[in-house]
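Participant: Based on what follows, work out the 3D shape:
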Amino acid sequence: MSAYDMIINGKKVSGNEYFDVINPATEEVLASCPKANVEQLNSAVEAAQQAFTSWSQTDSATRAAKIHQIAALIEENTESLAKLLTEETGKAMQGMGSFFETGGSVAWTHATAEMDLPVEVIEEDDAHRIELHRKPLGVVGSIVPWNFPLMIAIWHIIPALKAGNTVVIKPSPLAPLSAIKLVELMNEVLPAGVVNIVTGGDDIGQAITQHPDISKVIFTGSTNTGKNIMASCASTLKRLTLELGGNDAAIVLPDVDPSAIAETIFHSAFVNSGQTCAALKRLYVHEGVYDQVCDALVNIANQCKVGNGLEQDVLFGPVQNKQQYERICQLAKDTKAEGGRFLTGGEPMQGPGYFFPITLVADISDGSRLVDEEPFGPMLPIIKFSDANEVIARANKNSCGLGGSVWSGDTELATKLAGQLECGTAWVNTHAQIQPNVPFGGVKDSGFGVEFSTQGLEEYTSIQVVHINKG
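Facilitator: I've put the predicted structure just below:
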């Protein structure tokens, strides 16, 4: 078993107490990490504050060069990072698993390095000139979840750095190891104090949200936690970006070819075993093609092996932690009691590890837990509908609003219907497709603010208007 350290001001820092990190495929202790205390958090924030003085004054090209170096280091360490991700999260190495996450991290880092926020001239004449400047905020507090601990750390840290901020990051105690390794690599390139990492539980997360010297908090995670963070940040008027839970609806119209769309729908729903905020989680299928779509999805599910992600032929790993696993097991029991028809799966797998099979549920509708709540696991409800306008209203009735999609051979009609979905991103004939140059965020209980693109970069800045009287 390995023991990990925090990184504060460019140096490794141990703790007085440690917590265990569990491998969800074996239920064995993988490593131990220090429980940060408030004094150590204060040291990290102080280091970030001191580093901000010089880092915020570096030019955009210098920051870009450093960030490209970080991307190169991630790429050089792909094998070790991917293995670490699989061991701490359970996701498969192959498919849309750990190598997919490390590769995405490299691409996102390079792309964000090239983004810029130049001075905008609002107005100019012979008498005066008015400019809009984007200025870095200061110390950014990043709180990262357990499902994509490396990639989401990149999504938080890299735009903060490009905008001229410094960072204190706290990963989930359930999957902190790849984030620690990432910050170690970053500190090979960056000045001491620019990126710091503290590890621990909810108490340190709360201390970050209340810290008077942290100027912004970015959080990815559950809606309830996001609401608590928002309340906690209120006393210091911190900037906030919250990317919270999703219960994305997909609407399949009767003119589709079920065999042509099934593969994309399946992997949009079960990426990372469904443990993805923007995964497809409610599949509404028109009664005219309902049985064909169900059959096509079952055929795909029956070919997928669930197991230890380190094994070469495995595409789907376990649920990441015991608490979430037990929730999925209970959700399956409740779904059976409510009359759902299980096309595949439905029972926990035998042996060690938090394994639950790919589960497709038919003959279920709104009002059941599996439809109304975000499962965040390998279970997909398939819901029959007959009227497109009525199903749009049903999709919008849910409190979440992260993403949604419409599937049809008539892209004009699908685009019109997609525009009626109450969500931050509406896709047509695809789902959960995100990229670094396109803003991404939610509405309603799925949070506020956006990530990615120059719009996401702006969230790490404040506006200063410079009004020049030419005299």
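Participant: Let me see the domain layout of the protein.
Facilitator: 2-244+446-469, 248-435 (automatic domain parsing).
Participant: With mean neighbour count added, can I get these in TSV?
Facilitator: Just so you know, the C-beta spots here come from the backbone N, C-alpha and C atoms, and that holds for glycine as well. Shown next, in TSV, are the domains of the chain (neighbours: other Cβ atoms under 10 Å):
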stretch	mean neighbour count
domain 2-244+446-469	20
domain 248-435	20
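Participant: JSON lines for the ones you listed, including mean pLDDT?
Facilitator: As requested, those are exported to JSON lines (pLDDT from 0 to 100):
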{"stretch": "domain 2-244+446-469", "mean pLDDT": "97"}
{"stretch": "domain 248-435", "mean pLDDT": "97"}
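Participant: what about the residue nearest the centre of the chain, helix or strand, and which?
Facilitator: Residue closest to the average C-alpha location in the chain (Cα atoms, centre = their mean): residue 152, at 5.2 Å. Per DSSP states H and E: residue 152 is located in helix 149-162.
Participant: elements contacting that helix?
Facilitator: helix 60-76, helix 78-89, helix 98-113, strand 139-143, strand 166-170, helix 177-186, strand 216-220, helix 453-458 (3 or more Cβ pairs under 8 Å, 6 or more residues apart in numbering; DSSP states H and E).
Participant: Please repeat the previous calculation with a cut-off of 7 Å.
Facilitator: helix 60-76, helix 78-89, helix 98-113, strand 139-143, strand 166-170, helix 177-186, helix 453-458 (3 or more Cβ pairs under 7 Å, 6 or more residues apart in numbering; DSSP states H and E).
Participant: Now do it and strand 166-170, the angle between them.
Facilitator: Counting by axes from the mean of the first three to the mean of the last three Cα atoms, to 10 degrees, helix 149-162 points 160 degrees away from the direction of strand 166-170.
Participant: ok, residues contacting helix 149-162?
Facilitator: Here helix 149-162 makes contact (Cβ atoms under 7 Å, 6 or more residues apart in numbering) with 63, 67, 81, 85, 89, 101-102, 104-105, 108-109, 112-113, 115, 140, 142, 144-145, 167, 169, 171-172, 175, 178-179, 182, 194-195, 218, 220, 451, 456-457, 460.
Participant: Now do stretch 307-326: distance from first to last residue.
Facilitator: The straight-line separation of the ends of stretch 307-326 (Cα to Cα, to the nearest Å) is 18 Å.
Participant: Contacts for that stretch next, please.
Facilitator: With Cβ under 7 Å, 6+ apart as the criterion, stretch 307-326 contacts 24-25, 86, 89-95, 97-98, 146-147, 174-175, 270, 273, 275, 304-306, 328, 353-356, 358, 376-378.
Participant: Who are the contact partners of the residue nearest to residue 67 when sequence neighbours are not counted?
Facilitator: Nearest non-adjacent residue to residue 67, counting by Cβ to Cβ, 6 or more residues apart in numbering: residue 113, 3.8 Å away. Residue 113 is in contact with 64, 67-68, 162, counting by Cβ under 7 Å, 6+ apart.
Participant: Let me have the residues you listed in CSV, adding distance to residue 254 as columns.
Facilitator: Compiled in CSV, the contacts of residue 113 are given as follows (distance: Cβ to Cβ, whole Å):
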residue, distance to residue 254
64, 49
67, 47
68, 49
162, 46
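Participant: can you tell me which two in the residues you listed are farthest apart?
Facilitator: Across these, the longest distance by Cβ to Cβ is 10.9 Å; it joins 68 and 162.
Participant: Dump the helix or strand containing residue 204 to CSV, keeping only the CA atoms.
Facilitator: Assigned by DSSP H and E, residue 204 belongs to helix 202-210. Output of helix 202-210 as CSV, limited to C-alpha atoms (Å, rounded to 0.1, in the frame of the first residue of the first chain):
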residue,chain,number,x,y,z
ASP,A,202,-16.3,17.5,3.8
ASP,A,203,-14.8,19.6,6.6
ILE,A,204,-11.9,20.8,4.3
GLY,A,205,-14.3,21.4,1.5
GLN,A,206,-16.5,23.6,3.7
ALA,A,207,-13.4,25.5,4.9
ILE,A,208,-12.5,26.2,1.3
THR,A,209,-16.0,27.6,0.6
GLN,A,210,-15.8,29.9,3.6
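Participant: Which strands and helices lie in contact with it?
Facilitator: helix 38-55, strand 139-143, strand 166-170, helix 223-233.
Participant: could you dump those to a markdown table with distance to residue 125?
Facilitator: Output for the helices and strands packed on helix 202-210, formatted as a markdown table (distance: least, Cβ to Cβ, whole Å):
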| stretch | distance to residue 125 |
| --- | --- |
| helix 38-55 | 36 |
| strand 139-143 | 38 |
| strand 166-170 | 39 |
| helix 223-233 | 41 |
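Participant: Nearest to residue 394, out of the ones you listed?
Facilitator: helix 223-233 (20.0 Å).
Participant: Sheet-wise, list the partners of the following helix or strand past that closest one with their directions.
Facilitator: As assigned by DSSP H and E, the chain's next helix or strand after helix 223-233 is strand 239-243. Strand 239-243 pairs in its sheet with strand 216-220 (parallel), strand 447-448 (antiparallel), by DSSP bridges.
Participant: ok and strand 239-243 relative to helix 223-233, angle-wise?
Facilitator: Going by the same axes, to 10 degrees, strand 239-243 makes 180 degrees with helix 223-233.
Participant: and for strand 239-243, what are the contacting residues?
Facilitator: Here strand 239-243 has contacts from 137, 215-220, 226, 230, 233, 277, 441-442, 447-449, 451, 459, using Cβ under 7 Å, 6+ apart.
Participant: Verify the stated contact: residue 142 with residue 169.
Facilitator: Yes. Using Cβ atoms under 7 Å, residue 142 is in contact with residue 169, at 4.1 Å.
Participant: ok so, going back, can you dump the C-alpha atoms of the helix holding residue 152 in PDB for me?
Facilitator: Extracted C-alpha coordinates of helix 149-162, given in PDB (Å, rounded to 0.1, in the frame of the first residue of the first chain):
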ATOM      1  CA  PRO A 149     -11.000  12.900 -11.000                       C
ATOM      2  CA  LEU A 150      -8.300  13.600 -13.600                       C
ATOM      3  CA  MET A 151     -10.300  15.200 -16.400                       C
ATOM      4  CA  ILE A 152     -12.400  17.400 -14.100                       C
ATOM      5  CA  ALA A 153      -9.300  18.600 -12.300                       C
ATOM      6  CA  ILE A 154      -8.000  19.700 -15.700                       C
ATOM      7  CA  TRP A 155     -11.400  21.400 -16.500                       C
ATOM      8  CA  HIS A 156     -11.100  23.300 -13.200                       C
ATOM      9  CA  ILE A 157      -7.400  24.100 -13.000                       C
ATOM     10  CA  ILE A 158      -6.200  24.800 -16.600                       C
ATOM     11  CA  PRO A 159      -8.600  27.700 -17.400                       C
ATOM     12  CA  ALA A 160      -7.900  29.200 -14.000                       C
ATOM     13  CA  LEU A 161      -4.200  29.200 -14.800                       C
ATOM     14  CA  LYS A 162      -4.700  30.600 -18.300                       C
END
